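1. need a structure here:
(2 chains)
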Amino acid sequence: KQEVTQIPAALSVPEGENLVLNCSFTDSAIYNLQWFRQDPGKGLTSLLLIQSSQREQTSGRLNASLDKSSGRSTLYIAASQPGDSATYLCAVSSMDSSYKLIFGSGTRLLVRP
Amino acid sequence: SAVISQKPSRDICQRGTSLTIQCQVDSQVTMMFWYRQQPGQSLTLIATANQGSEATYESGFVIDKFPISRPNLTFSTLTVSNMSPEDSSIYLCSVGLGGELFFGEGSRLTVL
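-> From the prediction side, this is the model:
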């Protein structure tokens, strides 16, 4: 059974810092991996999608990497801003159902002005 | 991407009652899903809403408790039946497009 773990559970950094969020999964037979952002009481915003054959994806100040063999992904946020404060969720899908996601418990990020 | 609208955005309900959540998508989509997020927890898939047929439920979720309709390719409803305080959660509709999953804003239910 696939399990997704995110470390740390919470992170507080001063504005301008570069930071890394970690995600690990137990079964390397994934179809893809998605990073989401969730603001308090809101739905999820898709940030980056990495197919299992890819190593990384970039969007603006965000860079996500995938090492499928070791069951790890990282989300790198450059030059963090207070507006980046949110919960970041990692989710993986399996080979038999690309849309059925297993979610991690998230990392709650606070960027202090 | 897709624009997904959910109603209601939030509600406070009495124990034993039922509430239906609506999900409207701005384009036709084949894959539509319902997730639950309990307080302080991550998301758990409830079911896949299949157009024109019964929904496919995940382990731990049953049709009698969470009946789902999917009358067409742009609309679905999730009913939370005979609610108890343990059903207090955010319920999220999502659609699959191009290998990626997109989510609505969620419906926050509080059961007293």
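
2. Tell me where chain A has strands.
-> A:4-7, A:10-14, A:19-25, A:30-38, A:44-51, A:56-59, A:62-67, A:72-77, A:86-94, A:97-103, A:107-112 (DSSP state E).

3. Which residue comes closest to residue A:68 once chain neighbours are left out?
-> residue A:28 (5.2 Å; CB to CB, 6 or more residues apart in numbering or on different chains). The way it works is simple: take the backbone N, C-alpha and C, and place the C-beta from them, glycine included.

4. one step back: least reliable of the strands of chain A going by mean pLDDT?
-> Lowest mean pLDDT within the strands of chain A: strand A:97-103, at a mean of 85.

5. That strand pairs with which strands, and in what direction?
-> Based on DSSP bridges, the pairing partners of strand A:97-103 within the sheet are strand A:86-94 (antiparallel).

6. Now do the SS call for the most centrally placed residue in chain B.
-> Nearest residue to the geometric centre of chain B (CA atoms, centre = their mean): residue B:34, 3.7 Å. Following DSSP: H, G, I helix; E, B strand; the rest coil, the label given to residue B:34 is strand.

7. Hmm, residue B:50 and it touching each other?
-> No - Residue B:34 is beyond contact range of residue B:50, at 11.7 Å (criterion: CB atoms under 8 Å).

8. ok, residue B:13 - how many residues close by?
-> 17 (other CB atoms under 10 Å in any protein chain shown).
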